[in-house]
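*Asks:* sequence first, then the predicted structure, then my questions.
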Amino acid sequence: MHGQARALLVATAAALLVLASGTALAGDGDHGKTRAHHGDRGSAHAKHGVRAQKKLAKVDRIVVIYEENHSFDNLYGDWERVEGRDDADAAHTTQVKQDGTPYDCLPQNDVNLVGKLACWPNAPFAIEDYIPAEAKTCPDGVKDPTGNPGGCTRDLVHRFYQEQYQLNGGKQNRYTTGSDAKGLTQGYYRTRNLPIYRYLHGKHHQRYAIADHLFQGAFGGSFLNHQWLIAAATPTWPGAPADQHSIVDSNGMPIAYAPEYVPTGPVADKPLTQACPGVRPDLLCGDYAVNTIQPPYQPYSMGAGGTPPAVQLPPQTHATIGDRLSAAGVDWAWYSGGWSNANGDVGGPGWTNGTSACTDPATAANNKFPNCPNKYFQYHHQPFNYFANYAPGKPARAAHLRDEQEFLAAAKSSRHGCALKPVSFIKPIGLENEHPGYASEHQGSDHLVDLLKAVNDGGCGKRTMVVVTYDEFGGQWDHVPPPGQGDATSGPADQHGPGTRIPALVLSPGIRGRFVVDRASHDTTSIVSTIEHRYGLAPLTSRDAAVQDLSTVFSAK
């Protein structure tokens, strides 16, 4: 413990030095300078730092549950005492057309919303009023009553350049114009109806904090933000084919969304950023992979006829939090729902027996035995599978890339002591991760509650910090500008992000009340920063070095 304590103090001192300077390199390690938007963040960090780090040092295990695709206002905007929808002013709520004038009526194209109102007001609306939890609209947002029960909406676009257009420099007023789902961007769920809310407000609930200023680490979608969760950086593809680069117009948009958005010049919506020099030099350019692209290794989404995908990202070699933990001798795992079948671990935890897993069209994707991923297994949600260190056959892959059922078994067996690893990342399978389009919000929230119960009802609850957050905003509106957007919010920012505010909960011993609100500014990299500070690890990039870690929950009220 003495060595860990010394390492912890060194890491904390280093972070404070970065905060004071505000001149570290950007998150990718070689692109520009991080813009300092720290405000009074450094002094606040110093005030609570020593006491909070002592409490963090008493945490034995950290569990990160990574859900899917909701903005804070969309999901947690009714949580008491937070900066929620009631705090939003018209300037950050009213959606505007491409020419900057407000919509008289919000356009809608979700089949469950079209025709429900003659004119949709230009304001947030409750999704459950039109698509209740019991509606048969799952999967894929098909029209009631032909789908499955669950109350799914359609999916919404959530991509790198589109989100920056939607944010509009912190005005938060072009979500609708910049979306293929139109006015659905303004929909929200009644927070107090959610299973997670009811669980945390029931009898004998755990001490928890809600972090109401945590932003997704990078602009855009799931692929990129999973990379930022484990590496605090954007992947690269040096020498990529020219046709894999996006082309943006003068507004920074790479695509048309007729009739709401008409490009002002040539556009192309591709996996990589615009080539340098770009039409918009203020936006990221180069060989950065920012939109969904398949990994270099199985499991990946198969091409036509069961062939490998046409486009795959080359193996990545930069450092991850997994590398840092392994080098320090700290055990960890990425637990993914459906991994045993997708990885071909015949008979492994969660394995669906027999070859039926490969042939049942209701549950299986088009892969050959023994790789039999569930139809709703998401390949781009497996960030370590993009790295050479975790290639098939590498010892680190077998040791650290595991099935979610293994985590659940370990948690549930922990009646006298705790069998969990020091650090666990949990990635639920598609039907249970709350992703619009193919997952029911309430079904996903139920699964989240099951995960929390597994940890906290056994011997692991007393000394374990559980972080629950979402990979990104899912294309949905939020009224709070991220750091770097109009200088409205403190925190480090660069051309990669942060993006829209997302929901976040922290359950941990040491929190000073049954329920507190952590108002400190965070982004996704605050999670790796917390792990680094707990175990005395060096930061991965300047972003996780500069951002506040989640020990701020220990001084929240």
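*Replies:* Done, it's in. Numbers count the residues shown, from 1 in each chain.
*Asks:* and the strands in the chain, which stretches?
*Replies:* With DSSP state E as the criterion, the chain has strands at 61-67, 125-126, 187-188, 208-211, 214-215, 332-336, 401-403, 423-427, 464-470, 504-507, 515-518, 522-523.
*Asks:* reformat the ones you listed as CSV; add distance to residue 200, mean neighbour count and mean pLDDT.
*Replies:* All C-beta spots, glycine's among them, are computed from the backbone N, C-alpha and C. Compiled in CSV, those are given as follows (distance: least, Cβ to Cβ, whole Å; neighbours: other Cβ atoms under 10 Å; pLDDT from 0 to 100):
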stretch, distance to residue 200, mean neighbour count, mean pLDDT
strand 61-67, 13, 23, 98
strand 125-126, 21, 16, 98
strand 187-188, 19, 24, 98
strand 208-211, 6, 24, 97
strand 214-215, 17, 30, 98
strand 332-336, 22, 24, 98
strand 401-403, 27, 23, 97
strand 423-427, 17, 25, 98
strand 464-470, 10, 24, 97
strand 504-507, 8, 24, 98
strand 515-518, 7, 20, 96
strand 522-523, 19, 30, 98
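*Asks:* okay, the ones you listed in CSV with distance to residue 231 next?
*Replies:* Formatted as CSV, the strands of the chain follow (distance: least, Cβ to Cβ, whole Å):
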stretch, distance to residue 231
strand 61-67, 14
strand 125-126, 37
strand 187-188, 32
strand 208-211, 21
strand 214-215, 17
strand 332-336, 13
strand 401-403, 15
strand 423-427, 13
strand 464-470, 17
strand 504-507, 19
strand 515-518, 24
strand 522-523, 14
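*Asks:* flag the shaky bits of the protein, pLDDT-wise.
*Replies:* Applying pLDDT under 70 to the predicted model, the residue ranges of the chain that meet it are 1-48, 140, 353-357, 359-364, 366.
*Asks:* make it 50
*Replies:* In the predicted model, the chain carries pLDDT under 50 at residues 1-45.
*Asks:* got phi/psi on the residue of it positioned farthest from its centre?
*Replies:* Among the C-alpha atoms of the chain, the one farthest from their average position, using Cα atoms, centre = their mean, is that of residue 118, at 35.1 Å. With angles defined as degrees, to the nearest 10, residue 118 sits at phi -70, psi -30.
*Asks:* for residue 105, see how far away it is.
*Replies:* Noted for residue 118: a distance of 8 Å to residue 105, by Cβ to Cβ, to the nearest Å.
*Asks:* would you map the helices across the stretch 401-550 of the chain?
*Replies:* Ranges of helices in the stretch 401-550 of the chain, per DSSP state H, counting those that start in this stretch, are 404-412, 441-456, 525-535, 542-546.
*Asks:* give the buried residues for stretch 274-282.
*Replies:* Neighbour counts over stretch 274-282 (16 or more other Cβ atoms under 10 Å) mark 274, 278-280 as buried.
*Asks:* which one of those residues is nearest residue 192?
*Replies:* Distance ranking of the buried residues of stretch 274-282 against residue 192, using Cβ to Cβ, places residue 280 first at 41.7 Å.
*Asks:* and that closest one, how far from residue 244?
*Replies:* Computed as Cβ to Cβ, the residue 280 to residue 244 distance reads 18 Å.
*Asks:* and for residue 89?
*Replies:* Distance from residue 89 to residue 244, counting by Cβ to Cβ: 41 Å.
*Asks:* give me the more crowded residue out of those two.
*Replies:* The residue with the greater number of neighbours, taking residue 89 and residue 244 and applying other Cβ atoms under 10 Å, is residue 244; the counts read 19 against 8.
*Asks:* report the contact partners of the more buried one.
*Replies:* Contacts for residue 244 were tallied using Cβ atoms under 8 Å, 6 or more residues apart in numbering; they are 237, 270-272, 311.
*Asks:* among the residues you listed, who's most crowded?
*Replies:* Neighbour-wise, the contacts of residue 244 (other Cβ under 10 Å) top out at residue 272, 26 neighbours.
*Asks:* surely it touches residue 238?
*Replies:* No - Residue 272 is beyond contact range of residue 238, at 10.7 Å (criterion: Cβ atoms under 8 Å).
*Asks:* between those two, which contacts overlap?
*Replies:* Overlap between the neighbourhoods of residue 272 and residue 238 consists of residue 287, taking contacts as Cβ under 8 Å, 6+ apart.
*Asks:* find the nearest non-adjacent residue to the most centrally placed residue in the chain, please.
*Replies:* Central residue of the chain (Cα atoms, centre = their mean): residue 471, 0.7 Å from the mean position. Beyond its immediate neighbours in the sequence, the residue positioned closest to residue 471 (Cβ to Cβ, 6 or more residues apart in numbering) is residue 225, lying 4.4 Å away.
*Asks:* measure that neighbour to residue 128 for me?
*Replies:* Counting by Cβ to Cβ, the gap from residue 225 to residue 128 is 27 Å.
*Asks:* pick out whichever of the two has more residues nearby.
*Replies:* Here residue 225 and residue 128 are set side by side on neighbour count (other Cβ under 10 Å), and the busier one is residue 225, at 28 against 18.
*Asks:* wouldn't the more buried one be in contact with residue 473 here?
*Replies:* No - between residue 225 and residue 473 no contact is recorded; they are 9.5 Å apart, counting by Cβ under 8 Å.
*Asks:* return every residue with contacts to both of the two.
*Replies:* With Cβ under 8 Å, 6+ apart applied, the overlap between the contact sets of residue 225 and residue 473 consists of residue 216.
*Asks:* so how far is residue 499 from residue 245?
*Replies:* 21 Å.
*Asks:* who's more crowded, the two?
*Replies:* Per other Cβ under 10 Å, whichever of residue 245 and residue 499 has more neighbours is residue 499, with 32 against 22.
*Asks:* next up, the contacts around that one.
*Replies:* Counting by Cβ under 8 Å, 6+ apart, residue 499 makes contact with 163, 167, 215-220, 472-473, 482.
*Asks:* redo that, cut-off 7 Å
*Replies:* Taking Cβ atoms under 7 Å, 6 or more residues apart in numbering as the definition of contact, the neighbours of residue 499 are 163, 215-216, 218-220, 472-473, 482.
*Asks:* cool, residue 110 as well?
*Replies:* Neighbouring residues of residue 110 by Cβ under 7 Å, 6+ apart: 141, 153-154, 181, 184.
*Asks:* again, only this time at 6 Å
*Replies:* Applying Cβ atoms under 6 Å, 6 or more residues apart in numbering, we find residue 110 in contact with 153-154, 184.
*Asks:* save the residues you listed as CSV, and put in neighbour count and distance to residue 410 too.
*Replies:* Written out in CSV, the entries for the contacts of residue 110 read as follows (neighbours: other Cβ atoms under 10 Å; distance: Cβ to Cβ, whole Å):
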residue, neighbour count, distance to residue 410
153, 26, 34
154, 19, 37
184, 30, 39
